[in-house]
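A.B. asks: predicted model and sequence follow; I will ask about them next.
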Amino acid sequence: MAEAVAIVNSRPISSISSDANDPAFLTPNMLLTQKTSPLRPFTDEFTRQDIYGRKRWRQENVSTGDVVLLKEKDVIRGSWPLARVVRTHESEDGKVRKMDVLVRTEGTRRNFTRPISELVLIERANTSP
């Protein structure tokens, strides 16, 4: 149960900066621990069912400005880095197959190009004027 609480509390609730180029996010754990580094879950034993994507995420295209998690093979699930989508690459059928994301790790901003299968949509970009 504590592991589930740690994972849920490490999800972003708001962007810290209004700058679209700054992928820093506020999480409940930051408020509770007053630290910016995520808490580590107690175990790294997860089944495939634990990390499946929701069906609606597979049906909607990810767009610029969306907040995503980067799935990393060598990193436990609770420690996957958050990123902001800066550019999408559509295939011939009009679906987003890969994208460029901006990640902030230990104060350094880095750009990566990743396939959509290695990303988990967390929050849609605010599209209101």
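C.D. replies: Alright, I've got the coordinates.

A.B. asks: got the contact list for the nearest residue to Thr105 once chain neighbours are set aside?
C.D. replies: Once flanking residues are discounted, Thr105 sits nearest to Pro81: 6.0 Å by Cβ to Cβ, 6 or more residues apart in numbering. For the C-beta atoms, the positions are set from N, CA and C on the backbone; glycine is no exception. Counting by Cβ atoms under 8 Å, 6 or more residues apart in numbering, Pro81 touches 69-70, 72, 75, 103, 105.

A.B. asks: Pro81 and Arg124, how far apart?
C.D. replies: Pro81 sits 19 Å away from Arg124, going by Cβ to Cβ, to the nearest Å.

A.B. asks: what ranges in this protein fall below the confidence cut-off?
C.D. replies: Where the chain drops to pLDDT under 70, the residues are 1, 16-18, 20, 22-23, 34-60, 127-129.

A.B. asks: tell me where it has helices.
C.D. replies: 2-9, 28-33, 55-59 (DSSP state H).

A.B. asks: same list (these) but as a markdown table, adding distance to Leu119 and mean neighbour count.
C.D. replies: Shown next, in a markdown table, are these (distance: least, Cβ to Cβ, whole Å; neighbours: other Cβ atoms under 10 Å):
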| stretch | distance to Leu119 | mean neighbour count |
| --- | --- | --- |
| helix 2-9 | 17 | 14 |
| helix 28-33 | 21 | 14 |
| helix 55-59 | 9 | 9 |
